[in-house]
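Visitor: Pasting the sequence and the predicted model now:
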Amino acid sequence: MNKQRLSFHADGTFKIVQFTDIHLKDGIEPERDARTLALMERILIIEQPDLIVFSGDLIYSEETVDPKATFRRVIEIAVQAGTPFAVIYGNHDSEKGVTREELQAILAEYELCMAEAGPGEIHGTGNYVLPLFNHADDRESGALYFVDSGEYAPAAIGGYAWIHSDQVAWYLQESAKNRERNGGVLPALAFMHIPIPEYQEVWQSGSVAGRKGEMVCCSKVNSGWFAAMLEAGDVMAAFAGHDHDNDYIGVLHGITLAYGRVTGHNTYGALQRGARVIQLTEGERRFETWIRQEDGSVV
């Protein structure tokens with residue numbers, strides 16, 4: 001499979017659309033699924049992104065007759081738009097009838113897919129990093145980290161899984177390689193499905209914009225992913241999904257923590273459906289972000 005190359009435009013921009021919690025069910029309330037897919041198509045026409053990030057819960061496998069076919073229906077949205085795409089898994093993608101490995105095998109069929117299975121010896125499927133290249137030459141200008149935040153914690157602990165220490169070590173290794181290869185720290189973004197405990201902290205700090213309509217459904221265990229990003233110094237912002245009634249964004253110790261916006265109609269949540277849009281600027285440690293809603297308006 002020939003991977004696409006992700007490069008900044010001549011005007012120095014690179015745009016990402018983050019779809020999260022699509023929850024396609026196929027067969028249960030099909031009109032809701034149809035509305036979800038139409039919304040995604042419309043946002044891609046308006047925003048014309050350079051990369052689509054599906055940040056978990058593309059399908060609700062537990063209530064899906066054919067999870068593989070349903071998964072393909074989501075991916076086809078990116079294929080029809082002709083846009084490269086990256087995927088990370090949520091806690092509902094492989095709960096029933098399909099494994100993450102089987103979903104990853106489906107992704108491998110698509111030329112526009114940037115997602116990788118990642119190292120086999122660490123936790124999760126889909127821990128990988130994508131370089132962003134300079135518009136004019138072969139130099140790297142940025143990086144995008146994707147990490148599998150897992151599904152559920154062991155019953156004795158309860159709640160959701162955490163990003164394991166071997167994944168944190170992998171990130172630090174990749175970050176160090178990037179720094180060495182490029183003679184310095186490149187600005188980077190990170191994507192995960194389940195938010196980390198620091199999302200609660202950033203909300204309490206008060207320096208946030210957006211809405212919090214439910215508790216932060218993070219893991220009960222803090223494995224040090226945020227501290228690692230802080231120490232490595234490359235990640236300027238991390239983006240999660242999972243909590244359908246939260247869409248806030250805030251800065252904690254210099255790192256932006258942000259939620260996407262729930263995209264799918266076949267699931268709970270009072271927020272208008274939509275997607276988060278992120279625009280990077282080449283050679284600069286800054287980005288702009290907004291939410292494009294189903295009715296076309298911008299938050």
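Guide: That came through, no problem. This structure is a prediction, so every number in the text was calculated from the model and none was measured. Numbers count the residues shown, from 1 in each chain.

Visitor: where exactly do the strands run in the chain?
Guide: Ranges of strands in the chain, per DSSP state E, are 13-19, 51-55, 85-88, 128-133, 140-146, 188-191, 208-209, 235-240, 249-252, 255-259, 274-281, 287-293.

Visitor: where in the stretch 101-250 of the chain is pLDDT low?
Guide: Filtered on pLDDT under 70, the stretch 101-250 of the chain yields no residues whatsoever.

Visitor: which residues of the stretch 151-299 of the chain fall in helices?
Guide: Ranges of helices within the stretch 151-299 of the chain are 165-182, 198-205, 225-232, based on DSSP state H, counting those that start in this stretch.

Visitor: By neighbour count, which bits of the first one are buried? Give me those.
Guide: Within helix 165-182, the residues that qualify as buried by neighbour count (16 or more other CB atoms under 10 Å) are Gln167, Val168, Trp170, Tyr171, Glu174, Ser175, Asn178. From N, CA and C alone the C-beta is placed, and that goes for glycine too.

Visitor: count of neighbours near Gln279?
Guide: 16 (other CB atoms under 10 Å).

Visitor: Pick out the residue closest to the middle of this structure.
Guide: Ser55 (3.2 Å; CA atoms, centre = their mean).

Visitor: Return the set of residues that bridge with it.
Guide: On the basis of DSSP bridges, Ser55 is bridged to Ile88.

Visitor: returning to that earlier point: and the helices of the stretch 151-299 of the chain as JSON lines, adding distance to Ser149?
Guide: Formatted as JSON lines, the helices of the stretch 151-299 of the chain follow (distance: least, CB to CB, whole Å):
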{"stretch": "helix 165-182", "distance to Ser149": "9"}
{"stretch": "helix 198-205", "distance to Ser149": "12"}
{"stretch": "helix 225-232", "distance to Ser149": "9"}
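
Visitor: Ok, which of these comes nearest Leu103?
Guide: Leu103 lies closest, by CB to CB, to one member of the helices of the stretch 151-299 of the chain: helix 165-182, at 18.4 Å.

Visitor: Report the angle between that closest one and strand 128-133.
Guide: Calculated by axes from the mean of the first three to the mean of the last three CA atoms, to 10 degrees, helix 165-182 forms an angle of 20 degrees with strand 128-133.
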